[in-house]
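Participant: using only what follows, build the 3D model:
(one chain, ligands or ions: 1)
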Amino acid sequence: MNKPLSSSDLSAYWMPYTANRNFKASPRMLVSAEGMYYRDDAGNAILDGTAGLWCVPLGHAQPKIVSAVQKAVATLDYAPSFQLGHPMAFELAERLKQYTGNRFSQVFYTGSGSEAVDTALKIALAYHRTRGDATRTRLIGRERGYHGVGFGGMSVGGIGTNRKTFNSALLQGVDHLPHTHNLEKNAFTKGEPEYGTHLADELERLVTLHDASNIAAVIVEPVAGSTGVLIPPKGYLKRLRELCTKHGILLIFDEVITGFGRLGTPFASDYFDVEPDLFTTAKGLTNGVVPMGAVFVKPHIHDAFMQGPDGIELLHGYTYSGHPLACAAGLASLDIFEQDGILEHANGVADYFQEAAHSLRGLPNVIDIRTIGMIAGIELSSIPGKPGARAYDAFRRAFNDGILIRVTGDIIALSPPLIIEKKHIDELFGKLAAILKTLD
Ligand SMILES: Cc1ncc(COP(=O)(O)O)c(C=O)c1O
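Facilitator: I've put the predicted structure just below:
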C-alpha cells in the first residue's frame with residue numbers, strides 16, 4: 001500500500017478535464033493495474049469498465065507489450081522522424097496497412113487523437129490545394145461530435161460547452177451536420193437505430209448553401225463516444241459516403257475510439273462497410289501504453305502529394321511522430337490482436353455484455369440504454385437545474401464500490417477492455433444496478 005498524499009502534495013498538478021478542487025478534496029488515486037483491474041492507493045481492486053479512457057482494449061500490463069517497450073527503451077530510446085527513420089516505424093506502418101486489409105495505403109503518425117484529427121484536417125485541405133482545388137477549404141463536422149482539443153478538432157467538434165470559451169479563436173468556415181440522437185424515436189435500441197438516416201441529407205443543404213467547390217471535408221465519429229454513445233442510424237454513414245463522393249468532398253472517420261476492435265472488427269469502417277478517404281486512430285493503437293495516434297489514408301490521397309517537384313510533400317509532423325517506444329507497443333498490440341483471438345473473444349461476449357446493459361431498463365431514472373459492439377450508453381434523467389449531477393454521483397459511488405465507469409453529462413458510457421469475461425460483466429452490471437437503485 002502506498003502512503004496517501006497530503007492535499008499540499010496534490011496542488012501542483014493542474015488536472016485535465018477534471019473538477020480540480022473537488023478531486024483534491026477527495027482524491028481517487030490509481031497506483032497499479034493488471035488485466036481487467038486497477039488498484040487504488042488503499043489496495044482496493046477497481047474493475048475497469050471503460051478500458052481506461054477507451055484506450056486499453058487488451059487489458060492492463062499485457063506481458064508482451066511490457067517486454068516490447070522495455071526492450072525498445074533500452075535499444076533506441078528516441079529517434080527524430082524528420083528526414084530520418086528507424087525500422088520499427090516502417091514495420092508498424094506496413095502492419096497497420098495490412099490490418100485494414102490493405103484498403104488504406106499509408107499511415108501518418110501523431111502523438112494523440114487530437115493531433116491525428118488536426119493532421120487529417122490539414123491533409124484534407126492540402127490534398128485539394130495540391131490538386132488545384134484551392135477553394136475547397138470549408139470543413140463540416142457534426143453537432144455533439146468530439147474530435148479532441150486542438151483548434152481544428154474543437155472547431156469541427158460539436159459540444160457547445162467545450163467550444164464556448166474559445167469561440168473567437170475557432171476556425172472560420174466550419175459548419176455542422178445535425179446530430180442523430182433522438183430519444184423519442186430510438187430509445188432502448190440494440191445496435192443501429194431505425195430512425196434518422198435522412199439526417200445525412202442535411203449535407204445536401206450545406207452543399208446548396210456553400211457550393212461543393214468550397215467544401216473540403218466532412219468529419220464524423222462513426223459512433224460518437226465522448227458525447228454519450230450516439231450510434232448512427234441504419235444506412236446513415238453509407239448515405240454520407242454517397243453524398244461526399246457525389247460532391248467531391250473527402251469523408252474523414254474519426255476512429256479514435258472505434259478503431260482497434262471496439263465494435264468487434266478492426267475498424268468501424270469494417271463494421272459499417274463504409275470506406276472513408278482518411279481516418280484517424282489513437283488510444284487502442286498502442287493499448288494506451290505509450291501515447292500515439294495515426295492517420296490512415298487511401299492511395300488517391302497519398303498519390304496526390306507525390307506528383308509535385310522533389311522536396312517535403314507535406315509540411316507537417318511532430319517531434320514524437322513514430323516514437324520508437326510507441327511503435328514497439330503498437331507492434332506488440334497488433335501481435336496480441338492477431339495471435340490471441342481478441343476480436344473473436346469480443347464478438348463472443350458482446351451479446352452477453354449488451355444484454356446485461358439492457359437489463360438495467362426499468363431502474364430509477366434510466367431513460368435510455370443503447371449498445372453496439374463492446375459499447376454501452378445508459379442515459380439518466382437529469383436532476384432539474386443540475387445537469388450531470390446524477391451521473392457524476394453514480395461515477396463517485398461506482399469508484400467507491402470498485403467499478404470504473406465513465407460519465408458525460410447524465411450519460412454513463414461503458415467500454416471495457418475486450419478481454420472481459422462473463423464474470424466481470426456480471427460484476428460490472430451487478431454493482432451498477434445496485435448504485436442506480438440508490439441515486440437521488
Ligand atoms: C473521437 C475522438 N477523437 C479525438 C479524441 C482526442 O484524443 P486525445 O485525447 O488522444 O487527444 C478523442 C478522445 O477521447 C475521441 O474520442
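Participant: doesn't G261 make contact with Y271?
Facilitator: No: with contacts counted by Cβ atoms under 8 Å, Y271 stays clear of G261, the gap being 10.1 Å. C-betas here are computed from N, CA, C, even on glycine.
Participant: ok, those two, which is more surrounded?
Facilitator: Higher neighbour count among Y271 and G261: G261, with 22 against 19, using other Cβ atoms under 10 Å.
Participant: the ligand versus the more buried one, what's the distance?
Facilitator: Per Cβ to the nearest ligand atom, to the nearest Å, G261 is found 15 Å from the ligand.
Participant: list the contacts of that residue.
Facilitator: G261 sits next to 57, 284, 337, 342-343, 346, 374, 418 when contact means Cβ atoms under 8 Å, 6 or more residues apart in numbering.
Participant: please list the residues of this structure that sit near the ligand.
Facilitator: Residues of the chain found near the ligand (Cβ under 6 Å from any ligand atom) are 112-114, 117, 146-148, 221, 225-226, 254, 256-257, 282.
Participant: so which of these belong to helices?
Facilitator: When DSSP state H is applied, the residues of the chain next to the ligand are split such that 113-114, 117 fall in helices.
Participant: please pick the buried ones from these.
Facilitator: Buried by 16 or more other Cβ atoms under 10 Å: 113-114, 117, out of those.
Participant: in TSV, list those residues along with pLDDT.
Facilitator: Below are these laid out as TSV (pLDDT from 0 to 100):
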residue	pLDDT
G113	98
S114	98
V117	98
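Participant: closest to the ligand out of those residues?
Facilitator: When those are compared for distance to the ligand (Cβ to the nearest ligand atom), G113 wins out at 2.2 Å.
Participant: the closest one reaches T280, doesn't it?
Facilitator: Yes: if you go by Cβ under 8 Å, G113 and T280 touch, sitting 6.6 Å apart.
Participant: need the residues touching each of these two.
Facilitator: By Cβ under 8 Å, 6+ apart, the residues touching both G113 and T280 are 254, 256, 293.
Participant: just give me the closest of those residues to G248.
Facilitator: Using Cβ to Cβ, D254 is the member of the shared contacts of G113 and T280 that lies nearest G248, at 20.7 Å.
Participant: farthest residue from the center of the protein?
Facilitator: The centre of the chain is farthest from one residue, P309, which by Cα atoms, centre = their mean lies 36.5 Å away.
Participant: and that one, how far from the ligand?
Facilitator: In terms of Cβ to the nearest ligand atom, P309 sits 34 Å off from the ligand.
Participant: let me know the pLDDT of that residue.
Facilitator: We have a pLDDT of 89 for P309.
Participant: that one in helix, strand or coil?
Facilitator: Following DSSP: H, G, I helix; E, B strand; the rest coil, the label given to P309 is coil.
Participant: and the shared contacts of G113 and T280, which is closest to E427?
Facilitator: Nearest member of the shared contacts of G113 and T280 to E427, counting by Cβ to Cβ, is V256, at 27.6 Å.
Participant: helices along the stretch 101-250 of the chain, start to end?
Facilitator: Remark: helices assigned in the stretch 101-250 of the chain by DSSP state H, counting those that start in this stretch are 113-130, 151-156, 160-164, 183-186, 202-210, 236-247.
Participant: which ones are touching N287?
Facilitator: 55-58, 62, 65, 329, 333, 336.
Participant: same thing but at 7 Å, please
Facilitator: N287 makes contact with 56-58, 62, 65, 329, 333 under the criterion Cβ atoms under 7 Å, 6 or more residues apart in numbering.
Participant: quick check on it: phi, psi?
Facilitator: With angles defined as degrees, to the nearest 10, N287 sits at phi 60, psi 30.
Participant: which residue lies nearest the spatial centre of the chain?
Facilitator: Geometric centre of the chain, nearest residue: I257, 2.3 Å, by Cα atoms, centre = their mean.
Participant: circling back to that earlier point, and which of the contacts of G261 is nearest P193?
Facilitator: Once Cβ to Cβ is applied, the member of the contacts of G261 that ends up nearest P193 is M374, at 18.1 Å.
Participant: so the closest one makes contact with G348?
Facilitator: No: judged on Cβ atoms under 7 Å, M374 makes no contact with G348 at a distance of 10.9 Å.
Participant: of those two, who's got more company?
Facilitator: Here M374 and G348 are compared on neighbour count by other Cβ under 10 Å; more neighbours surround M374, at 23 against 13.
Participant: ok, that one - contacts?
Facilitator: 262, 264, 346, 350, 353, 415-416, 418.
Participant: in CSV, list those along with pLDDT.
Facilitator: As requested, the contacts of M374 are exported to CSV (pLDDT from 0 to 100):
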residue, pLDDT
R262, 98
G264, 98
A346, 98
A350, 98
F353, 98
S415, 98
P416, 98
L418, 98
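Participant: going by mean pLDDT, which of the helices of the stretch 101-250 of the chain comes out lowest?
Facilitator: Comparing mean pLDDT across those, the weakest is helix 160-164, with a mean of 91.
Participant: contacts made by it with the rest, please.
Facilitator: 154, 157, 170.
Participant: got the buried residues for the helix or strand of the chain with the lowest mean pLDDT?
Facilitator: In the chain, no helix or strand scores lower on mean pLDDT, DSSP states H and E than helix 160-164, which sits at a mean of 91. Using 16+ other Cβ under 10 Å as the test for burial, helix 160-164 gives N162.
Participant: same check, this time on stretch 91-106
Facilitator: For stretch 91-106, the neighbour count (16+ other Cβ under 10 Å) marks 92-93, 95-97, 99-100, 104-106 as buried.
Participant: turn these into TSV, including distance to H316.
Facilitator: Shown next, in TSV, are the buried residues of stretch 91-106 (distance: Cβ to Cβ, whole Å):
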residue	distance to H316
L92	19
A93	16
R95	23
L96	19
K97	20
Y99	24
T100	22
F104	18
S105	18
Q106	13
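Participant: which ones among the residues you listed map onto helices?
Facilitator: The helices, defined by DSSP H, take in 92-93, 95-97, 99 from the buried residues of stretch 91-106.
Participant: next, format those residues as TSV and append distance to C244 and pLDDT.
Facilitator: As requested, those are exported to TSV (distance: Cβ to Cβ, whole Å; pLDDT from 0 to 100):
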residue	distance to C244	pLDDT
L92	29	98
A93	26	98
R95	28	98
L96	24	98
K97	23	98
Y99	24	98
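Participant: leaving out sequence neighbours, find the closest residue to A33.
Facilitator: Excluding the flanking residues, the one nearest A33 by Cβ to Cβ, 6 or more residues apart in numbering is H60, at 3.6 Å.
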